[in-house]
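Q: Make a model of this:
(chains A and B)
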Amino acid sequence: MTEDRQLVSRALRGDRRAYEMIVRKYEQPLTSYLSRMTGERETALDFAQEVFLKAYCSLASYRPAYKFSTWLFKIASNHVIDHWRKKKLPTVSIDQPLDEEDGPLTLQIPDQGPSVVRKLELAEIRERIERALEAVPETLRELFVLRHVNEFSYEEIADIKGLPVGTVKNRVFQAKELLRKRMEAA
Amino acid sequence: MTPCPRADSLYLYLEGELGPYDARKIEEHVECCAACREALEERRLLHQAFTSLPPFEVPKGFARSVMDSLPEPEARGRGWLAPLVAAAAGLAAGLAGFHLFTGTGISEVLVALNGFFGQAVAQAAPLAVKTFKLGGVLLKISRDLLTLGLEGLEAFSRVLGPQGIALVAGLTALLAVLAFFGARRFLHQGEGS
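A: Numbers count the residues shown, from 1 in each chain, chains lettered A, B, ... in the order given. This next block holds a predicted model:
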């Protein structure tokens, strides 16, 4: 974190090499997030480039009291939301209860006997998750990706998205249960 | 037996997000509840998969292409260049305009300008030299006066000796005190009348 602050400080003094180090450090987590949010490799790379450009142009507004990664992903998240708005993709309100075609999500455990998931190999589960992820509503998918792909804490995600921590936890859980249900149905 | 935990608690348990008390409750419960044990194992497998999804493979040279797309930072130390270029461009435009409106050849304008500036310099230069000389003389006089004063003070202190200096300093201080209080009294009397 301190290293990020030092790099930002150097970049603000005109040291482009310092910003290149930031880009190299965050290119993979950022594209991993963006590829899952857009579903397209090329779009993810274009978006990553635009996010790094936006971050560079507004570097002076970065406050060292916050984590640089949180600040960068906030820019990325807003960029993705703009993309959804332009494409007019249906988004799920954060307060709207989720009623899926396969019934409302239940929080209790109704499992009876071994599930389909338990019969699969880990690699196959991962593949199925990637496929099922595309069908998860964007707002839930984003929180899931931030938590499990980018490994942000719930508090950091709450900061990135400007949501209460409890809401983030609940939405990540809903995303996981949706994924599980879709995998069972597949 | 405690009631079956909620599915969200199972995920939080697997992520290590539950406190020790709640975590222990789940562990105790799954020991005696087969359905919850099965549910926990399934979520454990899923959790393992969620946390090991493959990262995006970034093409080589991506960072370089990002850096190439960034705007150039404003070059420092070249701040003088822009006004100079602007001044030169302004002068050229002025000359061209003068030439267009009056029909005078640019070479003639340049000769006239040269004459004008030459005359101005010829008049201003002697004045600047005289001012400079006068400043030098004034500086020399003030320096000599200061040296003289300091030398006089040194000679006087040598004549007086240490006791004499102390006596003079004491008398000066006394005179200063008397002068101060005398002035105050004089002022108070002035106010009273």
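Q: near chain A, which residues of chain B?
A: Residues of chain B lying close to chain A (CB under 8 Å from any CB of the partner chain) are B:4-8, B:10-12, B:17, B:35-36, B:38-39, B:41-43, B:45-46, B:48-56, B:58-59, B:62-63, B:65-67, B:69-71, B:73, B:76. For the C-beta atoms, the positions are set from N, CA and C on the backbone; glycine is no exception.
Q: if you look at these, which of them are in helices?
A: When DSSP state H is applied, the residues of chain B next to chain A are split such that B:7-8, B:10-12, B:35-36, B:38-39, B:41-43, B:45-46, B:48-50, B:62-63, B:65-67, B:69 fall in helices.
Q: Show me how to select, in PyMOL, the buried members of these.
A: Of these, the buried ones can be selected in PyMOL as follows, counting by 16 or more other CB atoms under 10 Å in any protein chain shown:
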select buried, chain B and resi 7+8+10+11+12+36+38+39+41+42+43+45+46+49+50+62+63+66+67
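Q: any idea how far A:Lys86 is from chain B?
A: From A:Lys86 across to chain B, the span is 21 Å (CB to the nearest CB, to the nearest Å).
Q: elements contacting the helix or strand containing that residue?
A: Element membership of A:Lys86, judged by DSSP states H and E, is helix A:68-87. Contacts defined by 3 or more CB pairs under 8 Å, 6 or more residues apart in numbering or on different chains; DSSP states H and E place helix A:68-87 against helix A:2-12, helix A:16-38, helix A:41-57, helix A:138-148, helix A:154-161.
Q: Compare those helices and report which one is nearest to B:Ser157.
A: Closest of these to B:Ser157 is helix A:2-12, at 59.2 Å (criterion: CB to CB).
Q: remind me which residues of chain B are low pLDDT?
A: B:73-81, B:189-193 (pLDDT under 70).
Q: so what secondary structure elements neighbour the longest helix that it contains?
A: Longest helix in chain B, counting residues (DSSP H): helix B:106-192. Helix B:106-192 sits against helix B:81-102, with contacts defined as 3+ CB pairs under 8 Å, 6+ apart.
Q: what's the helix it packs on packed up against?
A: In terms of contacts (3+ CB pairs under 8 Å, 6+ apart), helix B:81-102 is packed against helix B:106-192.
Q: Now do B:Leu175: how many residues are near it, please.
A: Using other CB atoms under 10 Å in any protein chain shown, B:Leu175 has 10 other residues around it.
Q: how far away is it from A:Arg16?
A: 72 Å (CB to CB, to the nearest Å).
Q: What sits closest to residue 17 if chain neighbours are left out?
A: Chain wasn't specified; assuming chain A. Once flanking residues are discounted, A:Arg17 sits nearest to A:Arg10: 8.0 Å by CB to CB, 6 or more residues apart in numbering or on different chains.
Q: actually chain B
A: Distance criterion CB to CB, 6+ apart; nearest residue to B:Glu17, sequence neighbours excluded, is A:Tyr154 at 7.2 Å.
Q: The one you found contacts A:Asn170, doesn't it?
A: No: applying CB atoms under 8 Å as the test, A:Tyr154 and A:Asn170 come out as separate, 10.2 Å apart.
Q: And those two? Which one has more around it.
A: Ranked by neighbour count (other CB under 10 Å), A:Tyr154 and A:Asn170 place A:Tyr154 first, with 20 against 16.
Q: Show residues contacting stretch A:165-174.
A: Stretch A:165-174 is contacted by residues A:94, A:98, A:105, A:139-140, A:143-144, A:147-148, A:154-155, A:157-158, A:161, A:163, B:7-8, B:11-12, B:17 when judged by CB atoms under 8 Å, 6 or more residues apart in numbering or on different chains.
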